[in-house]
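Student: dropping a prediction and its sequence here:
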Amino acid sequence: MSLFQSREWWSVLDDGEGAGNEDLPASISIQVAPFPKALNSKADAIVTGSLAGVLRVYEVLRQEGDGTRTSGPSNLLLEKQMDDPIIDLALGKLTSSGDSDPKIALLHPRKVAVFTVQPDKTNQNYKLTLQYQHNLSRSAHSMVIGHFGGSKKDIICVQSLDGSINIFEQESFTFSRFLPGFLLPGPLVYIERTDTFITVTSSLQIESFRYQALAVADDNSMINNENNRGSNNNNNDNYGKSDDITVGRKIAPDWVIGLGETTQALQIVDSVRKEVPSTIMVLGERSLCAILDTGSVVFMKKLDFTPLCMLCYKLDNQITSVVATDTATLLVFQDTCLKWASKLPFPPKEDKGQELLKDLLVMASDQSDIFVSYLGTNPAIFTAPAPAKRELNYEETDKEYSSLTQTIRDIQSKPDVANQRGLAEDLRLTLEVQKSLDRCYHETLVKTNDGIPMAKVTANFRASVPLSKVRVTFSVERPLVMLNHTTMISSLTDSEKVEGYAYLFNDYIPHSLEVKVAVVFFNSSDVPHVLNSSVHLPLRLVVQPCPPIKDADFKVTISTNKPAVSLLDLFSEFVLESNMANAVGFQFYGGPFVTVLSSKTSQRYRLQSDNLPALWLLTNEIEKRLKTIHKTDLQCSYNASLPMHEYFSEIETMFHKRSKLANLMSELSNRTAQFRSIERRLLARFRDKTPTPLTNLDTLLEGTYRQIVLAAEAVEECQRELGSSSANLASITKLLLMLARLSTGISEEEQCKLEAALSSMVHLDQEQGWHETSDAALTFLLRTSLAKPGKENQGATPITLDMPKDTARLKKHITTVLDRISKGGRIVDAKNAIEASKLAEFEDRVGLDESDDTWSEMGDTGESRIGSQFGEQGERLRSARARGMSAGVSRQSSQVPKALTKEEETEEQAVEDSIRNEDEGEEDKEDKEDKEDKEDKEDKEGKEDERKDDEGKERHEEAEEEEPPQDEYDIGW
Amino acid sequence: MSASSVNHSTKASVDSLWEHREVRFDILVSQMKMRPGEILIDKLDSVEDTKGNAGDRGRILVTNLRAVWHSQSMPRVSLSIGYNCVLNITTKIVNSKLRGFAEALYILTKCNNTRFEFIFTNLVPGNSRLFTSVIGVYKAYNSSKLYRELKLRGAILQDHQLKVLPQESIVNVIDGVWNLSSDQGNLGLFVITNVRVVWYAKMNELFNISIPYLHIASVRLRDSKFGTALVIDSSELSGGYVLGFRIDPPEKLQETFKEIQSMHKIYSSSPIFGVEYSKAEESRFDEEDNDGEDQPMSTTQVMDDVDEIDPDHPDSHDVFTAYLAEGGFESQDRPPEYNPDLGLCMEKLKDGYTLEGLWQVLPPEVGKRALNGNTL
């Protein structure tokens, strides 16, 4: 912030002619000169040359007492568009003609041209005449003119980008020389007094070279160049020499001063008398340095700002430097003392950004605006006044305030909301499944006569800010596969579409039609984000209608409380014959048949098939569709027995497949180990310099190779079977859980927890298999939420997740879990349970008429999550039970079926025992201790049950009265 | 060309075109309407005038001649910034009342020797259309000056042919036209286009003049010492040039005169300002941010109900003070004077002030004493 401003005296804004070419920096070079004498003697001229190739000459009139001026059309004396960019321009006596008018030398990338400007006969207009030009064989960097070698005329010196110095004495080329140790061009200036060039090398040193030294160093190269002179300029044949400059190493600088930083600008301040050395002013990155032409440093001033350009002159034996900074401040130093500072309207262009027009400052901006200014002396103490207050509407302000506070509170209550909001704003994802299916031409293992369909899934993205590296992943469950399942969008600016195709690949029964889409990206603040979304594929992708089949091995009957819907309406997307309203068949592509029957009179739907897994998808689909038709008041139920036997046999099958796969894998590894050792032997024999008989090792190798191939094939086959088996298992698990839900009427929350424990996700490619993880989860469930009364406090000892020896234990646990649920066991979060029990007690006290439904509602009030929180729940549950306040337990006890047979009880007892025994690591002793334990337990349990029953009775007298008959719950178990 | 020419002249129709060369505050509804040839290029809602009306939601209209902002709650509160006044357009990080720290459009202007600065903040986060539109249109305006400015001795020719502007088409080329600016006269060519009249000398292509119809105050025939001559008066804004041309024979002169006159008339009714800006790259997202009001004039319909002149309003006379970039009026720049201490031109010092006195924060004697005290 500067107290003083720069006053504008004259300015011209660039008319953006170079702006048409965006690649071109709008940089200009400026030179100031008293311009042709034929003009008004008071006029000065500003000559500008831009990289766009426009040469302009402005006339600036000075009159006494004249204030600010603006640029008018008559200020422009001359404007000429050159063919090439103008890198640099210089004014001087560059022709041999006697007149003293300055000539303009323009430096183009490959050319230096000299023009004269002369008024025409009207004295109002000017003619620009080319005097001579030299083509350059090397790209030019900068230009210096001066009376080199004591010449009376101005001589041009062009520094090329690769470090050669080319001297042009008017129409003739004089010589060309490489500077030693050159890397990058730096500023170049000439001192007339000592006849030296000063430059700053890329080793950050200031070096001084005598012109004479440069001129004579070419003696031995002349001979070499005699033969290969190529005339490539208009005026001088000798110029060809510069093509082959081999000398240069002999040239040594007069003196060298290490500067240690790069240089913005060099300027020579000539001394008045010949005897006194001139001063070289060096503007570094952060310093201002004065060096005599003899090579001694006068002063160096460290600057605490970034200078852009400078202008130096001698005043009263002191060097005055005008330095402009990148913060648009102009500083006037006298030697090292700051004398004045002033604010500029813009930071001037770097290097050669300033000139003096007599005593006015001429500056060029990066935008090629030219600004002629003088220093203002009026302190700028102005600050903009606050805007006039407009009447406030207090009511509205209050309202806005409260709504904003509310918003803030909402946001603060959800810690992640900031990210989520950013997410939603950054990227919107919508998924779409094409209604009509395409025919699939891709490779598939499904064998059908007519081919299979495939579904197009489109993910539409709309980004509000540009995002890069957006990764889109589609995933489906086998046997479905997805084409283009991973797509990388390198840059997402507006909207983008990613398409994927889903179709059946393996020839087994699908258990899920869900397509999950995960989008990973970095949001605008570089925070990684994942966006998840899913969509269901149409049923038509996997099944086709067929005539119904009467008999089948497996049947599932679902009863509803609504009149049965015509199957034609229920499966409206299929082309069904009109007689199929009550019975319709579906066939999985290349797989089993499923027949769906609906009975109008009994409000029931029956699904039957010879293949149990095939039932799942359609059963689920029917329930879903019925729910959408009937909305919320639909109640479905299932009354038959759960297909436990089939389930167990599938578990068994899968288990066997797993064991088989493990065996096959070890077989394969044995064979390959054998193969390698045979190879080693063979190699040793072949290496031996004296040939030895192979002793049938080759036959052995071949035989082992065949075995490996066979084993690998067997593994592949087994993996395929395992895939099929796992899909079946997943289907049946889902079906089983669904049927369990329908028959017991447990809440969705509990269903979720149950699903988490008895997972339908069968992972094949990890070491831990489904059997052990499911068993672990079920055991946990049995020890905590579903524990027998009085045994809740059992600690959750670590469960080893090794592959079990057999599936008996798992089966037992599954049976027990389902059994307990069917008998009213509740998988509830202990915390909620406590609240529920308290509430219930309270309500009992006030004598409200409570039905069983209230209980389940109570249990559901809280929020909890599944799976991951089982441990947590368990802990809480145990602590809760220690206080004997678990509603879940009390309810269970209240509903302990009296119709339990002795056998059932013993079986349950055995399970209980096994769980406990496993905890103690005494599995082996189970059988031995079984009897003893049983007796003990029976006693204990009997007592406990009694106690619990009493409690239950006390608490739930009313509830029990209204409880539906046990039979309804026990059906099918 | 000089400062005085900025005075508003109503003499010529073009001089009444103020939209692009003035900054006006609280403009009338009629002034907010597009004039002939003015095109609405972009319209953005939810833009805050951070400097003068902080906390107020407004709308910015970007035309090919100016940027207009008006408040949405009080349509009378408005600004009109002609691009010709603009010295600099950049973006700055500002603290907006409605958005907090945000990147804002910063416009520095100069009108009638007064500098104003304006800061506009787009209230929709992540929307950079404000910057792209205004800066883009300003660039387009700046690079199309030949449409709107008289040019002498310019580089308007290339390969002995007139460089035709993008929206320009040549109507006629008339050979044998004498420019009567000097005693001898100069033989040259007239090029009549739909935007301007160009004359250039055959002998020296740098001797030329390009005068857009926008700056032609009148075209007439007049007797001169060279006989009947075609006289084109340029507007005062462009410097008030009187340009005489002689064409032989008289019939051709008459024809040319009529042609220029009719072209001038056509142009006056539907001017071509030459500002082209393509919005093609704008994303659809941005458009959604608008409230669906397609017609910019819909705001003026609302405004018709508002009393345009509100003499009771306390700030109707000094609304612009909020935008002043520096001292403003009372401190007119004083003329420059050579300062021997610095060797540079300085503004004349006020009586009783010295350079030292202005620069030194502490009086020099005190400073010295303090230094001595320290060293001793």
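Tutor: Ah, there it is.
Student: CA atoms for contacts and neighbours, from now on please.
Tutor: Noted.
Student: A:Thr129 in helix, strand or coil?
Tutor: strand (DSSP: H, G, I helix; E, B strand; the rest coil).
Student: return the residues in contact with A:Val515.
Tutor: Applying C-alpha atoms under 8 Å, 6 or more residues apart in numbering or on different chains, we find A:Val515 in contact with A:Phe474, A:Ser475, A:Val476, A:Ser534, A:Val535, A:His536, A:Leu537.
Student: now for the first one: which residues touch it?
Tutor: Taking C-alpha under 8 Å, 6+ apart, we find A:Phe474 in contact with A:Met482, A:Asn484, A:His485, A:Thr486, A:Gly500, A:Val515, A:Lys516, A:Val517, A:Ala518.
Student: hang on, it in a helix?
Tutor: No - secondary structure assignment (three-state DSSP) places A:Phe474 in strand, not in a helix.
Student: re the thing from before, buried subset of the contacts of A:Val515?
Tutor: Among the contacts of A:Val515, those classed as buried by 16 or more other C-alpha atoms under 10 Å in any protein chain shown are A:Phe474, A:Ser475, A:Val476, A:Ser534, A:Leu537.
Student: point out where the stretch 201-350 of chain A drops to low pLDDT.
Tutor: Applying pLDDT under 70 to the stretch 201-350 of chain A picks out residues A:218-250.
Student: quick one: name the residues of it near chain B.
Tutor: A:Leu315, A:Thr320, A:Val332, A:Lys339, A:Trp340 (C-alpha under 8 Å from any C-alpha of the partner chain).
Student: was I right about the fourth one contacting A:Val332?
Tutor: Yes - under the contact definition of C-alpha atoms under 8 Å, A:Lys339 touches A:Val332, with a separation of 5.5 Å.
Student: now do B:Pro364, the pLDDT please.
Tutor: On pLDDT, B:Pro364 comes in at 52.
Student: same question, B:Asp175
Tutor: Listed pLDDT for B:Asp175 reads 90.
Student: and it, that one's in a strand?
Tutor: Yes - according to three-state DSSP, B:Asp175 belongs to a strand.
Student: please parse chain B into its domains.
Tutor: According to automatic domain parsing, chain B comprises the domains B:17-144+B:276-333, B:150-269.
Student: turn the ones you listed into a markdown table, including distance to chain A and mean neighbour count.
Tutor: Putting those into a markdown table (distance: least, C-alpha to the nearest C-alpha, whole Å; neighbours: other C-alpha atoms under 10 Å in any protein chain shown) gives the following:
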| stretch | distance to chain A | mean neighbour count |
| --- | --- | --- |
| domain B:17-144+B:276-333 | 5 | 18 |
| domain B:150-269 | 5 | 18 |
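Student: kindly reformat those domains as TSV containing distance to A:Met580.
Tutor: As requested, the domains of chain B are exported to TSV (distance: least, C-alpha to C-alpha, whole Å):
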stretch	distance to A:Met580
domain B:17-144+B:276-333	49
domain B:150-269	71
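Student: which of these comes out lowest on mean pLDDT?
Tutor: Note on those: lowest mean pLDDT is at domain B:17-144+B:276-333, with a mean of 74.
Student: off-centre distance for that one?
Tutor: Averaged C-alpha coordinates place domain B:17-144+B:276-333 at 14 Å from its chain's average position (C-alpha atoms, centre = their mean, to the nearest Å).
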